[in-house]
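[1] Structure for the following, please:
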Amino acid sequence: MRWSHLLTPLSPVYGAIVRIRVAAFRRGLLKSDRCGIPVVSVGNVTFGGTGKTPMVIALVKDLISRGHRPAVLTRGYGRTSSEPLVLTGPEIRASVTEAGDEPLELAQRLPGVPIVVDADRIRGGRLAAELGADIAILDDGFQHLRLHRDLDLVLLDAGDPWGGDHLPPRGRLREPVEALGRASAVIITKVDPAADQPPQEIVRRISAIRPDLPVFGARLVLRRVRTEDGWVDPTELRGRRVFAVAGLGRPEGFRTLLESTGAEVVGHRWFADHHPYGPEDRAWIVREARKYGAVVVTTGKDAVKLDPLEGLWVVETAMQPVEGQWDRLWSLTPEIV
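    Sure, this is the predicted structure:
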């Protein structure tokens, strides 16, 4: 018997708590507040692994191209301060403990865009408005019901959309999949690069939950790689021996991405999501890579905690719509975009 099966009786308890909280907001017992500017939420129903950060980056860049002044609202997982923090890049002076790993990556990838780090997303949204933003992207916001959102996007990983179909402690679902019914749209991420539409078996299950729910597809592509000598094309990974390191919700997708370039993944070490790398971790990673005669390759989120590390290569990914542009997505809210 798998130990995870022994935890199954606890899942209904978790599910009941989630349902009670959602019902309290739906019935008005708990209130959602506005922050003064439109809010687009990017979230999921599983714990990690759907590509929220590259999706946030893609939407922010697209909004800028349409003449908007977006800001990003993010909690800053694991930070030591409860005070709001604004990162604007390109020169970032905050540490991981002050800001969190994902806000630092966002600030590096979106120079000049206010990254408002605050667990109180209503306060953060109002601060973003004061800074001149005309729209806010709420990172990891599907369960953050206190802040009113004008567009509620839920991401599903094409490789593992349902988190094992179990709530914690046995599975990776944050809430029952029926929660998709309150979304504005679903975006199936990490669609096969050769496909011209998202997997239809996932689309059918979404339709069974809510037939009129718009569904989009997006691909995660490797845009470039940072080496000790600077940025290079992903083709530099072809045929190269690499040791993959990541702390992600579903790190297997990272390995698949590397292998798609022709890289030879000779070893890997998967850490827990948001893992705080210490000296022993760093020393072990370097030793293992040397043993395999490989370069260490990691993600942007992990790099902000591993830099500087001898021989570290960092991949930069981008989320691209299967349709080629985001026009149909923004058509859901023509009054704000």
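[2] Give me the phi and psi for R282.
    Per-residue torsions, R282: phi -60, psi -50 (degrees, to the nearest 10).
[3] mind checking how far the longest helix along the chain is from the chain centre?
    Secondary structure assigned by DSSP state H gives helix 11-26 as the longest helix of the chain. Here helix 11-26 shows a centroid-to-chain-centroid distance of 24 Å under the convention Cα atoms, centre = their mean, to the nearest Å.
[4] Point out the other helices and strands that it packs with.
    With contacts defined as 3 or more Cβ pairs under 8 Å, 6 or more residues apart in numbering; DSSP states H and E, helix 11-26 has no helix or strand neighbours. No exception for glycine: its C-beta is placed from N, CA and C like everyone else's.
[5] can you give me the mean pLDDT across that helix?
    Averaging pLDDT along helix 11-26 gives 72.
[6] cool, stretch 146-165 as well?
    The pLDDT scores in stretch 146-165 average 95.
[7] Whichever helix or strand comes after the longest helix of the chain packs against which elements?
    Next along the chain after helix 11-26, taking DSSP states H and E as the criterion, comes strand 39-44. Secondary-structure packing of strand 39-44 (3+ Cβ pairs under 8 Å, 6+ apart): helix 52-65, strand 135-139, strand 151-157.
[8] What residues sit buried inside the longest one?
    Looking back up the chat, that one is helix 52-65. 52-60, 62-63 (16 or more other Cβ atoms under 10 Å).
[9] For these, could you give me JSON lines that also reports pLDDT and distance to E201?
    Output for the buried residues of helix 52-65, formatted as JSON lines (pLDDT from 0 to 100; distance: Cβ to Cβ, whole Å):
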{"residue": "K52", "pLDDT": "96", "distance to E201": "23"}
{"residue": "T53", "pLDDT": "96", "distance to E201": "26"}
{"residue": "P54", "pLDDT": "97", "distance to E201": "24"}
{"residue": "M55", "pLDDT": "98", "distance to E201": "22"}
{"residue": "V56", "pLDDT": "98", "distance to E201": "27"}
{"residue": "I57", "pLDDT": "98", "distance to E201": "28"}
{"residue": "A58", "pLDDT": "98", "distance to E201": "25"}
{"residue": "L59", "pLDDT": "98", "distance to E201": "26"}
{"residue": "V60", "pLDDT": "98", "distance to E201": "31"}
{"residue": "D62", "pLDDT": "98", "distance to E201": "28"}
{"residue": "L63", "pLDDT": "98", "distance to E201": "32"}
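[10] And those residues, which is closest to A303?
    Set against A303, the nearest of the buried residues of helix 52-65 by Cβ to Cβ is T53 (12.4 Å).
[11] Hmm, the closest one is touching T299, no?
    No: using Cβ atoms under 8 Å, T53 makes no contact with T299, being 9.1 Å away.
[12] picking that back up, distance to D196 for the buried residues of helix 52-65 - can I get that in a markdown table?
    Output for the buried residues of helix 52-65, formatted as a markdown table (distance: Cβ to Cβ, whole Å):
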| residue | distance to D196 |
| --- | --- |
| K52 | 24 |
| T53 | 25 |
| P54 | 20 |
| M55 | 20 |
| V56 | 25 |
| I57 | 24 |
| A58 | 19 |
| L59 | 22 |
| V60 | 26 |
| D62 | 20 |
| L63 | 25 |
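[13] Out of those, flag the one nearest to R255.
    P54 (16.7 Å).
[14] That closest one against R219, yeah?
    No: counting by Cβ under 8 Å, P54 does not reach R219; the two are 10.3 Å apart.
[15] Quick check: neighbours shared by these two?
    Contact criterion Cβ atoms under 8 Å, 6 or more residues apart in numbering; residues shared by P54 and R219: M319.
[16] in stretch 182-196, what counts as buried?
    So, applying 16+ other Cβ under 10 Å, buried residues of stretch 182-196: 182-191.
[17] quick one, helices of the stretch 151-300 of the chain?
    Listed in chain order, the helices of the stretch 151-300 of the chain (DSSP state H, counting those that start in this stretch) span residues 200-209, 252-260, 279-292, 300-306.
[18] If I take the first one and strand 151-157, what angle do their directions form?
    In this case it means helix 200-209. Here helix 200-209 runs at 140 degrees with respect to strand 151-157, directions being taken by axes from the mean of the first three to the mean of the last three Cα atoms, to 10 degrees.
[19] Could you give the backbone dihedrals for S184?
    The phi/psi pair for S184 (degrees, to the nearest 10) reads phi -80, psi -30.
[20] what number of residues lie near the closest residue to L173 other than its chain neighbours?
    In this structure, L173 finds its nearest non-sequential neighbour in G163, 4.3 Å apart by Cβ to Cβ, 6 or more residues apart in numbering. Counted with other Cβ atoms under 10 Å, the neighbours of G163 add up to 24.
[21] Touching, G163 and P176? I think so.
    No: using Cβ under 8 Å, G163 is not in contact with P176; the gap is 10.7 Å.
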